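Participant: quick one, structure for this:
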Amino acid sequence: MDSAPSQTRASRPRRERAATDRDIRQTARALLVGDGPEAVTLRAIARELGITAPALYRYYGSRDDLLEHLRADVVRDLGEALERDVAGSADHDGGGPARLFAICRGFRRWALTHTNEFTLVFASGAAGAASSTAKLQQLSEPFGRLFLLAAGDVLLSDDVALPSDDGMPTELRNDLAGYRDVLLAVLAEAGTEVPADRLTVGTTYLMMQFWARLYGHVTLEVFGNYPIPIAHPDTLFEALLSDLAREIGLA
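Facilitator: Residues are numbered from 1 along each chain as shown. All right, here's what the predicted structure looks like:
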């Protein structure tokens, strides 16, 4: 009569050893896509894999640790998806500004079709402070780097009217100057040499505003937080891109 429990105990270690890091991340991603960031817990993953929760600690020290790795997976996939999207778009041959705005459109499409993944990466503190958009702006990840390289191509274009440094709040100058140096270093590392007189503090301020408006608009749309009902959201988004183009001096 003890044979069944004995068999279960004997099989459990083999099942736990079979739960690889890949199994864990795939299960976590499925929970994220299906039910959102709050559904991704070590207990839920263990239940789906048929193992004990403590077995997961061999791979991840905590739920936050797991979410940080999951967030990195999502950002990598987003970058790869946008690269494919832009490469296959009619705008790709336009280079410079056309590529930048194709990335903006691709980012919006991805956000609207990957709501829970967008929430984890861009609108959730679930994975800790390190996974906020501030980390994305360190540009060490595929999406941030892709966005910056496209912006760098625009800066090198003669079509852009660069702003002066006079139109920004004086209190922000030191912060923006430090971030400008980071941008220049990342661009140079990626093989895009942007002269310092093209990426001024004023231009850095403009880039920050560009991202803030794009991110804010997409976030409002993803979560249905427009202040009024919008019957034609595509038209509204294209109007935003037109405004941004004018602000950076493009026709």
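
Participant: for the closest residue to Arg63 other than its chain neighbours, give me its contacts.
Facilitator: Of all residues not flanking Arg63 in the chain, Leu42 sits nearest, at 5.6 Å (CB to CB, 6 or more residues apart in numbering). Any C-beta I mention is one placed from the backbone N, CA and C, and that applies to glycine too. Shown in contact with Leu42 (CB atoms under 8 Å, 6 or more residues apart in numbering): 53, 56-57, 60, 63, 66.

Participant: doesn't Arg43 make contact with Thr52?
Facilitator: No - contact criterion CB atoms under 8 Å: Thr52 and Arg43 do not qualify, at 9.7 Å.

Participant: if you count surrounding residues, which of those two has more?
Facilitator: Under the neighbour definition other CB atoms under 10 Å, Thr52 and Arg43 were set side by side, and Thr52 has more, 16 against 11.

Participant: which residue packs closest to that one, ignoring adjacent ones?
Facilitator: Nearest to Thr52 is Ala46, by CB to CB, 6+ apart, at 5.9 Å.

Participant: isn't the one you found right up against Tyr57?
Facilitator: No - at 10.3 Å, Ala46 and Tyr57 do not qualify as touching, with contact defined as CB under 8 Å.

Participant: more crowded one of these two?
Facilitator: In terms of neighbours (other CB under 10 Å), Ala46 is the more surrounded of Ala46 and Tyr57; the figures are 19 against 12.

Participant: show the average pLDDT along the one helix or strand the more buried one maps to.
Facilitator: According to DSSP states H and E, Ala46 maps onto helix 42-49. Mean pLDDT, helix 42-49: 95.

Participant: need the residues that contact whichever helix or strand comes after it.
Facilitator: Next along the chain after helix 42-49, taking DSSP H and E as the criterion, comes helix 63-87. Helix 63-87 is touched from outside by 24-25, 28-29, 32, 37, 40-42, 45, 56, 59-60, 92, 99, 102-103, 106-107, 109-110, 114, 117, 120-121, 126-128, 130-131, 136, 141-146, with contacts defined as CB under 8 Å, 6+ apart.

Participant: contact partners of the helix or strand that helix 63-87 is followed by?
Facilitator: Following helix 63-87 in sequence order, the next helix or strand is helix 96-113 (DSSP H and E). For helix 96-113, contacts defined as CB under 8 Å, 6+ apart pick out 78, 81-82, 85-86, 89, 91-92, 118, 122, 143, 146-147, 150-151, 153-154, 156-157, 159-160, 214, 218, 221-222, 237, 241, 244-245, 250.
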